[in-house]
Each structure stands twice: as C-alpha cells, then as structure tokens.
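**Student:** below: sequence and its predicted model.
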Amino acid sequence: MSHTTDPLAALSFRRADAGDVTEFVRLRDAAARWQRARGIQQWRPGELGPEHFRARLREGELWLATLGPTGPTVGAWELWWEDVAAWGEQPPVAGYVHRLVVDRRTAPPGAGRHLLAVAERRVLAHGRTLCRLDCLADNARLRAYYEGAGYAVVGEQAAKNGDGGRSYGVTLLEKRLTAP
C-alpha cells in the first residue's frame with residue numbers, strides 16, 4: 001500500500017512583519033526575472049524596493065507561505081482593503097490581492113492556487129464577500145489562470161497609475177466568496 005502526502009498540506013502561513021521585507025523584495029525580483037525570461041512583461045526586477053513593502057505593511061497586510069512553520073519560503077502575497085487606483089472608490093465589500101508570487105525553487109505544484117485560496121479565506125474572515133485582483137490587460141495567460149481559479153472579468157482599467165509612476169491597462173477580476 002502506498003502512502004502519499006499532499007505537499008500543500010505542509011504549508012504554513014503567517015502575516016509578515018518588518019523583518020520579512022527583504023524576502024518580499026527577493027521573491028518579487030525572482031518572479032520578475034522568471035517572467036522576463038518567458039517574454040512576459042508584467043514586472044521588472046528592481047522595480048519595487050523595501051519602501052514599497054514597508055508601505056504595504058502600514059496600509060494593508062503582507063502574507064508569507066513556508067514549508068512547515070520554519071521551512072523555506074514558498075510564496076507570498078499582499079492583501080489590501082481598498083484599491084482606488086484600479087477599482088476607484090468602492091464600498092468596503094472586497095479584499096484586493098496583489099503580487100501573488102511563488103518561489104519556483106521551493107513551491108510544490110498547485111501552490112499558487114493554494115495561496116490564493118488562503119488569501120480568499122482571509123478576505124472572508126474580514127467580513128468581505130468579494131476577492132478582487134487585476135492583471136495587465138495583455139497578459140492572457142495570467143487572466144486565464146485567474147479565470148480557472150473562479151474569477152470573472154468585470155472590467156478594464158485603461159490607465160491604472162501603478163508602481164514606479166507607470167500607467168498601464170489592466171483587466172479587473174473578482175470572485176464572490178462564500179463560507180465553506
């Protein structure tokens with residue numbers, strides 16, 4: 001009889017603090033290099049430094065996933081409670097996931113979707129019933145990934161003012177959350 005264990009079940013999650021900022025910069029830059037090597041122009045290495053992640057700690061939440069409570073980092077994400085740049089002024093009914101990233105050296109298959117599901121549970125626990133995110137309007141692969149995770153396209157923002165002062169078009173996606 002063979003016993004298999006789900007590697008995703010071994011993941012641990014914790015809210016990040018100021019001591020984790022360097023790890024967020026490392027993860028983001030590694031993901032940007034991976035994207036660039038595949039012709040995806042979503043992120044640029046060096047685009048977001050420690051100051052960005054310190055601001056996110058003050059204004060939202062940063063989350064880390066590790067292999068077990070003390071293992072290596074598997075991935076991370078930012079969770080915001082408003083996103084005026086992409087969504088405009090909105091009633092407080094949603095959480096906004098940004099910079100969902102996995103470490104391709106350590107993340108087991110399916111880790112990205114698992115991290116997204118954990119983020120969705122956090123949004124629901126915060127009393128909000130929608131999880132929202134955006135991706136570059138011309139990134140069909142990422143859009144398909146989110147649609148495969150149950151997100152629906154609800155609009156386009158032609159000129160989002162984003163990180164580093166850049167303006168770019170994004171696709172807006174959301175998912176209605178329900179208690180398990």
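**Tutor:** Here it is on my side, so go on.
**Student:** quick one: Tyr146 and Cys135 touch, right?
**Tutor:** Yes - between Tyr146 and Cys135 there is a contact at 6.7 Å, judged by CB atoms under 8 Å. (Each C-beta comes from the backbone N, C-alpha and C, glycine too.)
**Student:** what about the helices in the protein?
**Tutor:** Under the criterion DSSP state H, the chain contains helices at 21-37, 50-59, 84-87, 111-125, 140-148.
**Student:** mind listing what's buried along the third one?
**Tutor:** Applying a neighbour-count criterion of 16 or more other CB atoms under 10 Å, the buried positions in helix 84-87 are 86-87.
**Student:** re the thing from before, could you dump the helices of the chain into a markdown table with mean pLDDT added?
**Tutor:** Below are those laid out as a markdown table (pLDDT from 0 to 100):
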| stretch | mean pLDDT |
| --- | --- |
| helix 21-37 | 95 |
| helix 50-59 | 95 |
| helix 84-87 | 91 |
| helix 111-125 | 97 |
| helix 140-148 | 93 |
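**Student:** and of the ones you listed, who's closest to Thr178?
**Tutor:** Between Thr178 and these, the tightest spacing by CB to CB is seen for helix 111-125, at 7.9 Å.
**Student:** contact partners of the closest one?
**Tutor:** 8, 11, 13, 61, 63, 65, 74-77, 79, 94-95, 97, 100, 102, 130-131, 145, 149, 175, 177-179 (CB atoms under 8 Å, 6 or more residues apart in numbering).
**Student:** mind checking which of those residues are buried?
**Tutor:** For these, buried by 16+ other CB under 10 Å: 8, 11, 13, 61, 63, 65, 74-77, 79, 94-95, 97, 100, 102, 130-131, 145, 149, 175, 177.
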